[in-house]
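> give me a model of this one.
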Amino acid sequence: VGTLVFIFTTLALGVFATRSFVELGKPISSTNGWELELDDVEIISKSDIVVQLTIALHLTDAAGLERTFHSVSDPMSPNYAQYLTIEEIARRHAPLPSTIKLVQEWLIEYGVYDFNLPLTKDFIEFDITLDKVEEMLQITFSKYSHALSEHSIYRTTEPYSVPNEIAPKIAFITGINRFPKLSARTLRSNSPENQQVNPAFVAKTFDIPSNNTANPKNHQAVAQFLQQYYSPSDLQIFLKTNGLPDQKVEKVIGPNDPSNPGIEASLDIEYIMGVATGVKTWFYYTAGLNKGQEPFVKWAVGLNNEKEVPKVISVSYGDVESSISKDYTHRLDQEFIKLATRGVSILYASGDDGVGCNRECTRQQPNWPASSAYVTAVGGFTSGLIGDAISSGGFSDYTDQPDYQHDVVENYLKNTANLPPQTYYNPKGRAIPDVSAFSEGVVVVVEGTSMNVGGTSCAAPIFAGVVSLINNNLLADGKKSLGFLNKALYLIGAKNPKAFIDITEGSNDNGCCKGFRATTGWDPITGLGGPNYPVLNAEFLKLQ
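Next up is the predicted model:
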């Protein structure tokens, strides 16, 4: 997938110069709830306002990197689990020095002399004043505020452009026309049943033994953004209340404010550690909005500098796929490919809006990054093993359906009655979710108080904890971590369906957009189902 480029001419510095739009060729329509400050009297000159931008460069031989990814992720490949180091990836796929030099020389023209590049050399991070950005990209910034944020940001809804010589080298530039999504995802606490979900209930349902031994080589992590912090004292109370051994987070990457814990962060850290007890756990926090940064990209850049990364990462971040440019998603998909090629399992909550629905009630709207073909999307079900109505699922409009999904999707679409109109979704797209776990009535501790929360944000760290337990056993046998899960998951599902707890009831309608129904086997609400730990563990151990 190449960068979307629109070529035009403009009068610059007294001569006609050819420029190209990058990512988009027309203004964006959605600002994710950010409002233009029309009555704001800006007393600070744009020449005094510094923002931090990041340019994502195209990789060298990206197709070769993807071939390596498939080779190390496919249980049928002789190279299965033969992962690369970040140094090997950088050596093979970093942009050419001439590309980096060309882009840096362009930036120098606008007064930028200090650059930050990760080990992989495929991102260029730099500080620059607003007036210079406007000149450089031929846009006009405005100030925006959001009801859920104490910070204002500068953005434009206009498409940005760069010199024609630069356009083929870059995939996107951050901090220009993407507006951070700030809506909370785990504030619901309604549960249709009396049963509360806690680590003991998870272990009983998934048949997880209590005598798991954490392997010292094993690490897991959660990633947080936009003021989502955790409290060590809340974690301690949670573990003690649930009869689990006391354990501290081994490593915090980025700032953390324990006095201001968020429900999302508390949930993630408590359940990944509550399920995979004893496994060394890291907490990533990437600050957002400072200098106009995009925290998700900044996190991805940071991982490129880490020679040691967790073997499992759970993330509950996402946005409507159609609100993001294809160039942006495609380039960041390559970051997921890098992580998987290093042996990392990445699990994303599928989202909390069922099939999603556009304003015209004519199209379902999947969420990204869950719709990426290079992560494992986790949907949700209730304690009564019914597909959760909020569990986001369906089909990507951006990404083709991987081969390993063809059979289960074909079976579902051919044998399920009362499907939504086919014009509402793309039956050839990447299908979501892959698996599922509990997403209602989940008990967490926040600010010393227990509360029930819901959402697939609960399901992702629960399933991630199960993956970490399987990694314990693989590493103890001298084998490699699981890495990218999906090819193996679907292979196991076809070979031994008992490896999953099949969810056969439930639906995920969204307002005027009809959703899908759960049924035997894979479905677009709960995927293959929940983990039947003993069987799933045994099947994974057979693959290496």
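> residue ranges with poor pLDDT in the chain?
Applying pLDDT under 70 to the chain flags residues 1-17, 39-43, 183-194, 288-293.
> middle-most residue in it, spatially?
Central residue of the chain (Cα atoms, centre = their mean): residue 369, 4.3 Å from the mean position.
> my guess is residue 345 contacts residue 465. True?
No - Residue 345 is not in contact with residue 465 according to Cβ atoms under 8 Å; the separation is 11.4 Å. Yep, even glycine has a C-beta here, placed from its N, CA and C like the rest.
> joint contacts of these two?
Where contact means Cβ atoms under 8 Å, 6 or more residues apart in numbering, no residue is in contact with each of residue 345 and residue 465.
> now the helices for the stretch 201-350 of the chain?
232-241, 263-275, 295-303, 326-341 (DSSP state H, counting those that start in this stretch).
> so which of those is nearest residue 143?
Go through the helices of the stretch 201-350 of the chain one by one with Cβ to Cβ and the one that ends up closest to residue 143 is helix 295-303, at 19.5 Å.
> what's the spacing between residue 120 and residue 422?
41 Å (Cβ to Cβ, to the nearest Å).
> now residue 125. Its backbone dihedrals?
Phi and psi for residue 125, reported as degrees, to the nearest 10, are phi -110, psi 140.
> spit out the contact partners of it.
So residue 125 contacts 52-54, 115-117, 301 (Cβ under 8 Å, 6+ apart).
> any chance of a markdown table for these, columns secondary structure, distance to residue 448 and neighbour count?
Formatted as a markdown table, the contacts of residue 125 follow (DSSP: H, G, I helix; E, B strand; the rest coil; distance: Cβ to Cβ, whole Å; neighbours: other Cβ atoms under 10 Å):
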| residue | secondary structure | distance to residue 448 | neighbour count |
| --- | --- | --- | --- |
| 52 | strand | 36 | 17 |
| 53 | strand | 41 | 22 |
| 54 | strand | 38 | 19 |
| 115 | coil | 45 | 16 |
| 116 | strand | 39 | 13 |
| 117 | coil | 43 | 19 |
| 301 | helix | 35 | 22 |
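> where exactly do the strands run in the stretch 51-200 of the chain?
Along the stretch 51-200 of the chain, the stretches classed as strands by DSSP state E, counting those that start in this stretch are 123-129, 142-145, 153-155, 161-163, 170-173.
> need the winner for burial among those.
Mean neighbour count (mean count of other Cβ atoms under 10 Å) peaks for strand 170-173 among these, with a mean of 24.
> who's in contact with that strand?
Counting by Cβ under 8 Å, 6+ apart, 3, 22-23, 53-58, 103, 137, 160, 162, 325, 327-328, 330-331 sit against strand 170-173.
> can I get that strand in PDB, CA atoms only?
Output in PDB follows, covering the C-alpha atoms of strand 170-173 (Å, rounded to 0.1, in the frame of the first residue of the first chain):
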ATOM      1  CA  ILE A 170       7.000   9.600   4.200                       C
ATOM      2  CA  ALA A 171       3.800   7.800   5.300                       C
ATOM      3  CA  PHE A 172       2.400  10.500   7.700                       C
ATOM      4  CA  ILE A 173       3.300  13.400  10.000                       C
END
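> out of the contacts of strand 170-173, which are buried?
The neighbour count (16 or more other Cβ atoms under 10 Å) marks 3, 22-23, 53-58, 103, 137, 160, 162, 325, 327-328, 330-331 as buried among the contacts of strand 170-173.
> what residues does the residue nearest to the centre of the chain make contact with?
315, 317-318, 329, 332, 336, 348, 375.
> same question for residue 50.
With Cβ under 8 Å, 6+ apart, residue 50 has these contacts: 127-130, 291.
> same thing with residue 147?
Contacts for residue 147 (Cβ under 8 Å, 6+ apart) come out as residue 33.
> quick check on it: phi, psi?
Torsion angles at residue 147 (phi, psi; degrees, to the nearest 10) stand at phi -60, psi -30.
> tell me how far it lies from residue 225.
18 Å.
> how about the spatially closest residue to residue 540 that is not a sequence neighbour, secondary structure?
Excluding the flanking residues, the one nearest residue 540 by Cβ to Cβ, 6 or more residues apart in numbering is residue 470, at 5.2 Å. Three-state secondary structure (criterion: DSSP: H, G, I helix; E, B strand; the rest coil) places residue 470 in helix.
> residue 470 contacts residue 539, correct?
No - counting by Cβ under 8 Å, residue 470 stays clear of residue 539, with 9.6 Å between them.
> for the closest residue to residue 111 other than its chain neighbours, what are its contacts?
Sequence neighbours aside, residue 132 is the residue nearest to residue 111 in space, at 5.9 Å (criterion: Cβ to Cβ, 6+ apart). Applying Cβ under 8 Å, 6+ apart, we find residue 132 in contact with 47, 110-112.
> okay, and which of those map to helices?
Among those, the subset assigned to helices under DSSP state H is empty.
> which among those gets closest to residue 241?
Lowest distance from residue 241 to those (Cβ to Cβ) belongs to residue 112, with 51.8 Å.
> who has more neighbours, residue 120 and residue 422?
Using other Cβ atoms under 10 Å, the more surrounded residue of residue 120 and residue 422 is residue 120, with 22 against 9.
> can you name the next helix or strand after the strand or helix carrying residue 395?
Counting by DSSP states H and E, the element that carries residue 395 is strand 394-400. Next helix or strand after strand 394-400 toward the C-terminus (DSSP H and E): helix 406-415.
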